[in-house]
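>>> sequence first, then the predicted structure:
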Amino acid sequence: MIRRAEPEDRPQIMLLIQEFFEEELNGRGYSFSYDQCEQDYDVLEKRDDVITLVIDNDGMLDGMICAFVTRRVFFQEVTATELIWYVRKTVRRDGIKLLREFENFCSQAQCNDITMIGLVDSKAEDMYPRMGYERSEMVFVKKIKKES
């Protein structure tokens, strides 16, 4: 079942975020802190413009999508901007159902568009065009050496 996240889902959501990091971001120069993750989710959970949907398989959360649903900065259109979309490998096909349910939510929320963030060479990169998404922008990242 796909549903909105509830406060009691928090521990399982933290684990899903950690699993996403380990699968997709580990080795890309980022670090994970469970405490920081909890603090950040605390902030998001309290915001009215954040939606989190989860895949609930009899109390076990196997996936999530979390996004801002806001007016575009400098423009009038409403957009949904994905922050994280992760589904465990064992139910990865349910990720499409989760995305479709998210799209339905965005339609009901009067969004003009959805922005999904995809990592270069990720498993989802080839899937987005098949789902009707088109490449719109490119993001370039440069690691900054911190001064001591």
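Looks like it came in fine. Residues are numbered from 1 along each chain as shown.
>>> go ahead and confirm Tyr128 touches Gly118.
Yes - counting by Cβ atoms under 8 Å, Gly118 is a contact partner of Tyr128 at 6.1 Å. C-beta: built from backbone N, CA, C; applies to glycine.
>>> look up phi and psi at Lys142.
phi -120, psi 120 (degrees, to the nearest 10).
>>> next one: the residue nearest to Arg4 when sequence neighbours are not counted from Leu44, what distance?
Counting by Cβ to Cβ, 6 or more residues apart in numbering, Arg4 lies nearest to Leu53, which is 6.0 Å off, once chain neighbours are set aside. Separation of Leu53 from Leu44 (Cβ to Cβ, to the nearest Å): 13 Å.
>>> residues that sit against both of those two, list them.
Here Leu53 and Leu44 have Cys66 as joint contacts, going by Cβ atoms under 8 Å, 6 or more residues apart in numbering.
>>> okay, these two: which has more neighbours?
Shown here are Leu53 and Leu44; by other Cβ atoms under 10 Å, Leu53 has more neighbours (21 against 16).
>>> and the one helix or strand the residue nearest to Arg4 maps to, what's buried?
Using DSSP states H and E, Leu53 maps to strand 50-57. Judged by neighbour count using 16 or more other Cβ atoms under 10 Å, the buried positions of strand 50-57 are 50-56.
>>> got the confidence number for the residue nearest to Arg4?
Looking at Leu53, its pLDDT reads 98.
>>> between strand 50-57 and the strand ranked longest in the chain, find me the angle.
Identified as the longest strand of the chain according to DSSP state E is strand 60-71. Computed by axes from the mean of the first three to the mean of the last three Cα atoms, to 10 degrees, the angle separating strand 60-71 from strand 50-57 equals 160 degrees.
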